[in-house]
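Participant: starting from these lines, generate the structure:
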Amino acid sequence: MRIYSRLGTLQKQFWGVLFISLLIFCNINTPAQQVDKTYRVLFVGNSYTYVNSLPQMFKAMVESQSPDYDVEVKFIGGGGATLKKHWQMGEASRAIKSGHWDYVILQGQSMFGSDDLADPDSPEQFYKYARKLDAEIKKNDAKTVFFMTWPRKHLQDQQKYLTTAYRKIAKESGSMIAPVGLVWEKFREISKINLYRRDGSHPSIAGTYLCALTLFDTIFKTLPENLPVALYGHKILRGGKLSSDEKCLCDLSIALVNLLRRAVVEVLPGK
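Facilitator: Purely as a prediction, here's the structure:
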């Protein structure tokens, strides 16, 4: 009886060792689950976003720092578009639902209630439609980033109204905020370089680069020491279409890039 008992014990040990060996073998030979190495970012805005091709500049900047990752960007919008108009037109909502985005950047009208505009925005409209779009974004498992704009060159005192509006909606919705307007304000304190185009409204190339830096720091909570001075991508044409060939989107001096970086870090310190 002892012999049979001993044999039974050995058989159990044998099958136990064999089972564990098979598990180890399967784990070694089973391909690891592939990590999705794509950041998907949707930009919803107006000419402040598409002038100088900010989405493409942001894409090139991120890929320069994370060469193992691809960045997929898309722009929805047109000149002077408000968040109300985006909601009513429906294109932004359709894109939010179908794109599997990681981040959706909402850039609203920069002139609240201005008589200079045919269809001016107002704080009430901004809050109302920001809430609607933010709810749609969260429903589709993406993160909202509110793009705080800058005021027109001759209306610098309006920054405080923009700052209040964007901070309020970001806090209320628990969303991220890219304080671009505050970074522009800080840059004016440390440099006399003009961030505006001749119209005193739209950004210069350096202004758009500063937007990309602010978005980078907002999303990734860091800002590299060594940043590219030249960025390449497809230019955004009228209607949101992209140029067929990649082009140089910017080619700045190291000194200017360092100044732009300093402004971002002083407003939004990277971690």
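Participant: which strands and helices sit next to the helix or strand containing residue 42?
Facilitator: Here residue 42 sits within strand 38-45, counting by DSSP states H and E. Judged by 3 or more Cβ pairs under 8 Å, 6 or more residues apart in numbering; DSSP states H and E, the packing partners of strand 38-45 are helix 54-65, strand 70-77, helix 91-98, strand 103-107. Every residue, glycine included, has its C-beta placed from N, CA and C.
Participant: avg pLDDT for that strand?
Facilitator: The average pLDDT for strand 38-45 rounds to 96.
Participant: what's in contact with that strand?
Facilitator: 49, 54-55, 58-59, 62, 69-77, 81, 83, 86, 92, 95-96, 99-108, 133, 142, 147 (Cβ atoms under 8 Å, 6 or more residues apart in numbering).
Participant: same deal with stretch 68-86?
Facilitator: Taking Cβ under 8 Å, 6+ apart as the rule, stretch 68-86 contacts 37-47, 49-50, 55-56, 58-59, 62-63, 91-92, 95, 99, 106-109, 117-119, 121, 125-126, 128-130, 133, 236, 239-240.
Participant: can you say which of the residues you listed are buried?
Facilitator: 39-47, 49-50, 55-56, 58-59, 62-63, 92, 95, 99, 106-109, 121, 125-126, 129-130, 133, 236 (16 or more other Cβ atoms under 10 Å).
Participant: count of neighbours near residue 231?
Facilitator: Per other Cβ atoms under 10 Å, the neighbour tally for residue 231 reads 24.
Participant: and the strand or helix carrying it, what's buried?
Facilitator: Element membership for residue 231 (DSSP H and E) is strand 230-233. Under the neighbour-count criterion of 16+ other Cβ under 10 Å, strand 230-233 has 231-233 buried.
Participant: partner strands of it, parallel or antiparallel?
Facilitator: strand 247-251 (antiparallel) (DSSP bridges).
Participant: let me know the angle separating the strand it pairs with from helix 54-65.
Facilitator: Angle between the axes of strand 247-251 and helix 54-65 is 80 degrees (criterion: axes from the mean of the first three to the mean of the last three Cα atoms, to 10 degrees).
Participant: export strand 247-251 to PDB, keeping only CA atoms.
Facilitator: Provided in PDB are the C-alpha atoms of strand 247-251 (Å, rounded to 0.1, in the frame of the first residue of the first chain):
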ATOM      1  CA  LYS A 247       6.300  71.800 -45.600                       C
ATOM      2  CA  CYS A 248       8.300  73.700 -43.100                       C
ATOM      3  CA  LEU A 249       5.800  75.100 -40.600                       C
ATOM      4  CA  CYS A 250       8.400  77.100 -38.600                       C
ATOM      5  CA  ASP A 251      12.100  77.700 -38.400                       C
END
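Participant: tell me the average confidence for that strand?
Facilitator: Rounded mean pLDDT across strand 247-251 is 97.
Participant: for stretch 82-101, same thing?
Facilitator: 93.
Participant: next, the buried residues of that stretch.
Facilitator: 82-87, 92-93, 95-96, 99, 101.
Participant: excluding chain neighbours, what is closest to residue 262?
Facilitator: Leaving aside its sequence neighbours, residue 262 sits nearest to residue 190 (Cβ to Cβ, 6 or more residues apart in numbering; 6.4 Å).
Participant: work out the gap between stretch 214-223 and the centre of the chain.
Facilitator: Its chain's C-alpha centre and that of stretch 214-223 lie 9 Å apart, by Cα atoms, centre = their mean, to the nearest Å.
Participant: residues in contact with that stretch?
Facilitator: So stretch 214-223 is contacted by 58, 61-62, 65, 103, 105, 145, 147, 176-180, 183, 213, 261, 264-265, 267-268, 270-271 (Cβ under 8 Å, 6+ apart).
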